[in-house]
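Engineer: Quick one: sequence plus predicted model below, questions after.
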Amino acid sequence: MSTRKVKDFFCTAVSEKVKISLKVKPTLSRTFKNELYVQCDQFECQYIDENILPCPLTLALFAKEIEDREARRKARKEEEAEYY
């Protein structure tokens, strides 16, 4: 399993450099939903885990990582289909 990539990012909402990473939203339901969001290390920020305006964090900041995840998921599904 790969480690989560952490990036430095200047956040205009808190006017300082923060560390951000791509996370999967936890769910309480029995069905797994692969909802992604960007989390920063500023836990006192009022926009923590929200990614709504004026928070500048968007999934576009991790477009390459999301694309890589989708490619790995697709390859796993194809591999499983070949197995059965």
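Structural biologist: Arrived safely. On a predicted model such as this, the values are computed, not experimentally measured, just so you know.
Engineer: drop to CA atoms for contacts and neighbour counts, all remaining ones
Structural biologist: Fine.
Engineer: show me the residues around the nearest residue to Val24 once chain neighbours are set aside that make contact.
Structural biologist: By the measure of CA to CA, 6 or more residues apart in numbering, the closest residue to Val24 outside its immediate chain neighbours is Leu36, 4.5 Å from it. With contacts defined as CA atoms under 8 Å, 6 or more residues apart in numbering, Leu36 is in contact with 22-25, 59.
Engineer: Next, count neighbours for Ile20.
Structural biologist: 21 (other CA atoms under 10 Å).
Engineer: center of this protein, which residue is that?
Structural biologist: Central residue check for the chain by CA atoms, centre = their mean: the C-alpha nearest the mean position is that of Leu22, 2.5 Å away.
Engineer: Partner strands of the one helix or strand that residue maps to, with direction?
Structural biologist: Here Leu22, judged by DSSP states H and E, is contained in strand 16-24. Sheet pairing of strand 16-24 (DSSP bridges) gives strand 6-11 (antiparallel), strand 36-40 (antiparallel).
Engineer: Check these for me and report the most buried one.
Structural biologist: Compared across the strands paired with strand 16-24, strand 36-40 shows the largest average neighbour count, a mean of 19 (mean count of other CA atoms under 10 Å).
Engineer: Let me know the average pLDDT across the very next helix or strand once past it.
Structural biologist: Using DSSP H and E, the helix or strand that follows strand 36-40 in sequence is helix 63-83. In this model, helix 63-83 has a mean pLDDT of 88.
Engineer: buried sites along helix 63-83?
Structural biologist: The neighbour-count check on helix 63-83 (16 or more other CA atoms under 10 Å) flags nothing as buried.
Engineer: Could you tell me how far it lies from the centre of the chain?
Structural biologist: Taking the mean of its C-alpha atoms, helix 63-83 sits 17 Å from the chain's own mean (CA atoms, centre = their mean, to the nearest Å).
Engineer: export the strands paired with strand 16-24 to CSV and tack on distance to Glu50 and mean pLDDT?
Structural biologist: Formatted as CSV, the strands paired with strand 16-24 follow (distance: least, CA to CA, whole Å; pLDDT from 0 to 100):
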stretch, distance to Glu50, mean pLDDT
strand 6-11, 14, 95
strand 36-40, 8, 92
